[in-house]
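**Student:** next comes the sequence, and after it the predicted model I'd like to discuss.
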Amino acid sequence: MILDVRVERSGRVSVEVFNYGGERVSTILDQAMAPGNYGATWDGRNSAGDVVGNGVYFIVIRSSDGKMIRKVIVLK
């Protein structure tokens, strides 16, 4: 899955995946970025490299512009 990330102002950008219980599953991106449009990829794996189970997950994108949350449903 490719996530579109738009950065309006330079600064640190993080893209993290959380499960329905609020536990962090994976950090996709965490770095300083210049303004522009970027793509971040989540391969459906947790930080240990294991494939996640079926369920609802939340992608949280944080930047100097604010925070955006996207809901993702994983079905195998």
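**Tutor:** Arrived safely.

**Student:** sketch out the low-pLDDT regions of the chain for me.
**Tutor:** For the chain, applying pLDDT under 70 flags no range at all.

**Student:** strands along that one, start to end?
**Tutor:** 2-7, 11-19, 24-33, 36-41, 55-63, 66-74 (DSSP state E).

**Student:** would TSV of the ones you listed with mean neighbour count be doable?
**Tutor:** C-beta coordinates here come from the backbone N, C-alpha and C atoms, glycine included. TSV is the format used below for the strands of the chain (neighbours: other CB atoms under 10 Å):
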stretch	mean neighbour count
strand 2-7	14
strand 11-19	18
strand 24-33	15
strand 36-41	11
strand 55-63	17
strand 66-74	11
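
**Student:** nearest to residue 47, out of these?
**Tutor:** In terms of CB to CB, the element of the strands of the chain nearest to residue 47 is strand 24-33, at 4.9 Å.

**Student:** pairing partners for that closest one, with directions?
**Tutor:** Strand pairing for strand 24-33, determined by DSSP bridges: strand 11-19 (antiparallel).

**Student:** report the distance from the partner strand to the chain centre.
**Tutor:** Distance, stretch centre to chain centre, for strand 11-19: 5 Å (CA atoms, centre = their mean, to the nearest Å).
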